[in-house]
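**Q** fold the following, please.
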Amino acid sequence: MLKITKFKISSNRLQNFSGFLALTGLIFTSNAALAAEGFRVRFPLAGTLGGEMLAPITPGIFGSLVATQISVNKLTDNAGAPYRTALSALPPATVDVGIDLQQSIYNLILGYTTTEKYADGHLSLIVNLPYSTIDRSITATSSLPGFFQNLANTLAQQTSGQVKGLGDLEVTAAWSQKTERLKLVLGMSLSSPTGDHGNASGINVGYGNFYTLRTGAAIACQATEKLTIGSRLSLGFNTKNRDNNWQSGDFYALDVAAGYTTPFGVLGTQFVRVEQYTNDLGAKTIVNAPITDGNRFVSNGAGLFFTAPISPIGAALNLSYMKTLESRNAMSGSYIQARLSKMF
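**A** Numbers count the residues shown, from 1 in each chain. This is a model prediction of the structure:
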């Protein structure tokens, strides 16, 4: 643990010590403060319920190609304010961290739904492999000028850059049942640490060296001939990150969507809330002290979706837009997604 007492005060010693603390802050922020594993959780904040609740249950092999564009313009702290962290303990200094992140994610999803029924429903096995490119620019503004701002500028340079590569592989098993007006889905997904992570800059395609198990239940109801409403509740459980002994807290996610059938397709709205309900374990500050606020991730987002059949190729296209309304210990921005799905 860093000691900040019992040292002689001289200009050189003080500058060197302050520089060391600032450099430690640089490393801390370069790993995106590790807040909720880099201000992220393994859950699709772009929202998928809008298209999924309208999809029929058809036995056989199916696939989807998904393209998502993410634009992040803010990191938030535990109170939802723009992110600020300690830069130096003596003299006291802080740094305001800004971000401009552009990420493109391309998912190849393949699955199989059984012809046979089990408990009057069909079983499905789905594999999701993502590929991602990230372009991140960090700004860091120190509360103290001169020496500290120079170090903050170095921080910004070292934590900015571009990466690309395969993301974390996800495997899902689900049971689904459809009646005349209701659709029910129960499922379980496992995300594995197959994506690239551990870059010195802290820019990572993968989420980290840990596993995430998500369980979930979704229901969709055709309220009227043209109106369909749906909801999904998911619970996520994380193992400890073997690279840093950090264990992100468990979380829940609530999706709500409503779609109205038009002559051109289904137009609807969706809302996604993700909240970490247990504290991170092993989280520490730049002076090696435990983080006491729990470092809990929270994100609320809302947007629109449009789903339409592509009859010439026997496929369906879902377009969606989501925007972050509120966040804590999280990235804040917007999500644009296109999803093309087809049975084979």
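**Q** now residue 82: how far from residue 98?
**A** Residue 82 sits 7 Å away from residue 98, going by CB to CB, to the nearest Å. C-betas here are computed from N, CA, C, even on glycine.
**Q** so for the two, which residues contact both of them?
**A** Applying CB atoms under 8 Å, 6 or more residues apart in numbering, one finds that residue 82 and residue 98 are jointly contacted by 74, 75.
**Q** does residue 229 really touch residue 266, like I thought?
**A** No: at 11.9 Å, residue 229 does not count as touching residue 266 under the criterion of CB atoms under 8 Å.
**Q** and these two? which has more neighbours close in?
**A** Neighbour count, other CB atoms under 10 Å: between residue 229 and residue 266, residue 266 has more, with 23 against 17.
**Q** helices along the protein, start to end?
**A** Secondary structure of the chain by DSSP state H: the helices cover 11-30, 36-39, 49-52, 147-158.
**Q** right, and residue 50 touches residue 268 too?
**A** Yes: with contact defined as CB under 8 Å, residue 50 reaches residue 268; the gap is 5.2 Å.
**Q** what comes up buried for stretch 119-131?
**A** 121, 122, 123, 124, 126, 128, 129, 130 (16 or more other CB atoms under 10 Å).
**Q** now the last one: how far from residue 68?
**A** Distance check for residue 130 against residue 68: by CB to CB, it reads 9 Å.
**Q** which neighbours do these two share?
**A** With contacts taken as CB under 8 Å, 6+ apart, residue 130 and residue 68 have 105, 106, 107 as neighbours in common.
**Q** adding distance to residue 337, neighbour count and pLDDT, write those out as TSV.
**A** Compiled in TSV, the shared contacts of residue 130 and residue 68 are given as follows (distance: CB to CB, whole Å; neighbours: other CB atoms under 10 Å; pLDDT from 0 to 100):
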residue	distance to residue 337	neighbour count	pLDDT
105	9	20	97
106	11	14	97
107	10	19	97
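**Q** where do the strands sit along this protein?
**A** Along the chain, the segments classed as strands by DSSP state E run 60-75, 84-88, 93-113, 122-142, 161-166, 170-178, 182-191, 212-222, 227-238, 251-262, 265-276, 298-310, 315-328, 331-343.
**Q** figure out which of the ones you listed is closest to residue 199.
**A** Each of the strands of the chain has some distance to residue 199 by CB to CB; the shortest is strand 161-166, at 6.2 Å.
**Q** where does the stretch 1-150 of the chain have low pLDDT?
**A** Within the stretch 1-150 of the chain, the segments meeting pLDDT under 70 span 1-38.
**Q** ok so, going back, anything in contact with each of residue 229 and residue 266?
**A** Residues within reach of residue 229 and of residue 266 at once, by CB under 8 Å, 6+ apart, are residue 259.
**Q** distance check, residue 50 against residue 325.
**A** Residue 50 is 17 Å from residue 325, by CB to CB.
**Q** neighbour-wise, which of the two wins?
**A** In this view residue 50 and residue 325 are compared by other CB under 10 Å, and residue 50 has more residues nearby, 29 against 14.
**Q** how about that one, nearest residue that isn't a chain neighbour?
**A** Spatial nearest neighbour of residue 50, excluding adjacent residues (CB to CB, 6 or more residues apart in numbering): residue 305 at 3.6 Å.
**Q** I'd like the distance between that neighbour and residue 317.
**A** According to CB to CB, residue 305 and residue 317 sit 11 Å apart.
**Q** now do residue 203
**A** Noted for residue 203: a distance of 31 Å to residue 317, by CB to CB.
**Q** quick one: which of those two has more around it?
**A** Using other CB under 10 Å, the more surrounded residue of residue 203 and residue 317 is residue 203, with 23 against 17.
**Q** pretty sure the more buried one contacts residue 138?
**A** No: here residue 203 does not reach residue 138: they are 9.4 Å apart, not a contact under CB under 8 Å.
**Q** for residue 237, give me its contacts.
**A** With CB under 8 Å, 6+ apart, residue 237 has these contacts: 212, 213, 214, 250.
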